[in-house]
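Undergrad: based on what follows, work out the 3D shape:
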Amino acid sequence: MTTSLATTRFSVLDRSRTRQGHDAPQALRDTVRFARLAEALGYHRFWVSEHHSVPGVAGSAPTVLAAAVAAATSTIRVGTGGVMLPNHQPLVVAEQFGVLASLFPGRIDMGLGRSVGFTDGIRRALGRDKDDTEDFAARLDQLLGYFLGTQRAHPQVHAHPAEGLRVPPFVLATGEGARTAADAGLPLVIGDVRGQDRMLRAIEDYRQAFRPSVWSPEPYVVVSGAVAVADTPEAARRLLVPEAWSLAYSRTHGAFPPLAPAAETEARTMTAREREFYEAALRGHVHGTEEQVAAGLEELIRRSGADEVLVTTSTYDREGLTDSYRRLAALFGGAARSSRPAACPAQQAG
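TA: As a prediction, this is how the structure comes out:
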């Protein structure tokens, strides 16, 4: 185990993906069980996501699911990756996280994104449109103001029990969103690893533009992406196949299917366009044997200067997925590290 792996935090984002032959309630129960495993393995945080009307994803209410995860665990930090702020009123978001932080003090993270619904129909159902992403910075400022007691949009309104609490906020972003995080003085969560050159430019811009805030005295970068570890490079790559096909299908059919077995996907006859998206979705991930993954992560951390890696791997084979996370935890010394206090590279990162 090399120095950067030993000193970099590793965390988990689980999207509650449905699997072929299993329903959405099963996916949600799997997420809660997975959180217990991540805690036992020494991962720093466990985050859940927000998706609306996506057939292959059960996670539609992240603060509700985060409450279930926090109740089922005891030490791991729990949060959202993320709540899509354009979909919600800042007051409601502040109240929800205020309740979570009151019930589980010192363990809740508030990851915030700027995406809106996947399709026009979903956006209409949410009462939103694409232009709602343009006021993300203003919504973010209002939300944080509810915690600080400084929001000016509705001066007579107070978010209880959020006001006075310090729930660590993170901005999930690429490109333009990274500048929003810098201007607000917040930690940045950025991916995916496949577009490293673009990602590295955004990280550099973020660090240069960062303004210290009450939330964070210095930049804090979380790099997110899929990581797969197995006995052989081929076995590790196979873990990535179900998600790659799901992404390719979504790009060509407009819907995410449940994750299917890798063998079924590998035997599939794809159109040229499907094959193009599928192969693109397989490229650039950190995967392979323990030695190969350690080298890949070392390079990623060195180039990005990441303070933390948020692992987002999904696959049909739950046993293979569990084994991959176990192998990765052994690389960064997870279980041993979780038994002792860890130095915090930035106060707000928890």
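
Undergrad: hey, let's count contacts and neighbours off CA atoms from now on
TA: OK.

Undergrad: so which residues of the stretch 101-250 of the chain form helices?
TA: Assigned by DSSP state H, counting those that start in this stretch, the helices in the stretch 101-250 of the chain fall at 120-126, 136-148, 176-184, 196-209, 233-253.

Undergrad: my error: substitute the stretch 251-350 of the chain in the last question.
TA: Here the stretch 251-350 of the chain has its helices, by DSSP H, counting those that start in this stretch, at 262-266, 272-282, 290-304, 318-332, 334-338.

Undergrad: what's the helix or strand harbouring residue 5 packed up against?
TA: Element membership for residue 5 (DSSP states H and E) is helix 3-7. Packing partners of helix 3-7 (3 or more Cα pairs under 8 Å, 6 or more residues apart in numbering; DSSP states H and E): helix 290-304, helix 318-332.

Undergrad: switch the cut-off to 10 Å
TA: Helices and strands touching helix 3-7, by 3 or more Cα pairs under 10 Å, 6 or more residues apart in numbering; DSSP states H and E, are helix 290-304, strand 308-311, helix 318-332, helix 334-338.

Undergrad: where in the protein is pLDDT low?
TA: Where the chain drops to pLDDT under 70, the residues are 1-3, 53, 117-120, 123, 129-134, 175, 192-195, 336-350.

Undergrad: got phi/psi on the closest residue to residue 73 other than its chain neighbours?
TA: Among residues not flanking residue 73 along the chain, residue 36 sits closest, at 5.9 Å (Cα to Cα, 6 or more residues apart in numbering). With angles defined as degrees, to the nearest 10, residue 36 sits at phi -60, psi -40.

Undergrad: what's the answer for residue 214, then?
TA: When read as degrees, to the nearest 10, the backbone of residue 214 gives phi -70, psi -20.

Undergrad: looking at it, it is touching residue 166, isn't it?
TA: Yes. Counting by Cα atoms under 10 Å, residue 214 does reach residue 166; the two are 9.4 Å apart.

Undergrad: tell me which of these two has more neighbours.
TA: residue 166 (19 against 12; other Cα atoms under 10 Å).

Undergrad: so who does that one touch?
TA: Contact partners of residue 166, counting by Cα atoms under 10 Å, 6 or more residues apart in numbering, are 98, 101, 105-106, 108-109, 144, 147-148, 214-215, 348.

Undergrad: mind redoing it with 6 Å?
TA: Contact criterion Cα atoms under 6 Å, 6 or more residues apart in numbering gives no residues in contact with residue 166.

Undergrad: repeat for the one 4 residues further on
TA: Under the criterion of Cα under 6 Å, 6+ apart, the contact partners of residue 170 comprise 111, 186-188.

Undergrad: any idea which of those is closest to residue 246?
TA: Nearest to residue 246 out of these is residue 111 (Cα to Cα; 24.5 Å).

Undergrad: and that closest one, how many neighbours?
TA: Quick note: residue 111 (other Cα under 10 Å) scores 24 neighbours.

Undergrad: thinking it is in contact with residue 78, fair?
TA: No. Look at residue 111 against residue 78 with Cα atoms under 6 Å: they stay out of range, at 10.0 Å.

Undergrad: picking up where we left off before, between the helices of the stretch 251-350 of the chain, which gets nearest to residue 210?
TA: Go through the helices of the stretch 251-350 of the chain one by one with Cα to Cα and the one that ends up closest to residue 210 is helix 290-304, at 15.7 Å.

Undergrad: now for the closest one, which elements pack on it?
TA: Counting contacts by 3 or more Cα pairs under 6 Å, 6 or more residues apart in numbering; DSSP states H and E, helix 290-304 packs against strand 286-288.

Undergrad: what lies in contact with the strand it packs on?
TA: Against strand 286-288 from outside (Cα under 6 Å, 6+ apart): 227-229, 233, 236, 293, 296.

Undergrad: so for residue 29, which of the helices of the stretch 251-350 of the chain sits nearest?
TA: Nearest to residue 29 among the helices of the stretch 251-350 of the chain is helix 318-332; the distance by Cα to Cα comes to 13.0 Å.

Undergrad: got the angle between that closest one and helix 233-253?
TA: 120 degrees (axes from the mean of the first three to the mean of the last three Cα atoms, to 10 degrees).

Undergrad: quick one: buried residues of helix 318-332?
TA: Within helix 318-332, the residues scored as buried using 16 or more other Cα atoms under 10 Å are 320-321, 323-332.

Undergrad: can you tell me which of those is nearest residue 27?
TA: Set against residue 27, the nearest of those by Cα to Cα is residue 321 (14.0 Å).

Undergrad: wait, what's in contact with the spatially closest residue to that closest one that is not a sequence neighbour?
TA: Distance criterion Cα to Cα, 6+ apart; nearest residue to residue 321, sequence neighbours excluded, is residue 315 at 6.6 Å. Contact analysis of residue 315 by Cα under 6 Å, 6+ apart lists 239, 242-243.
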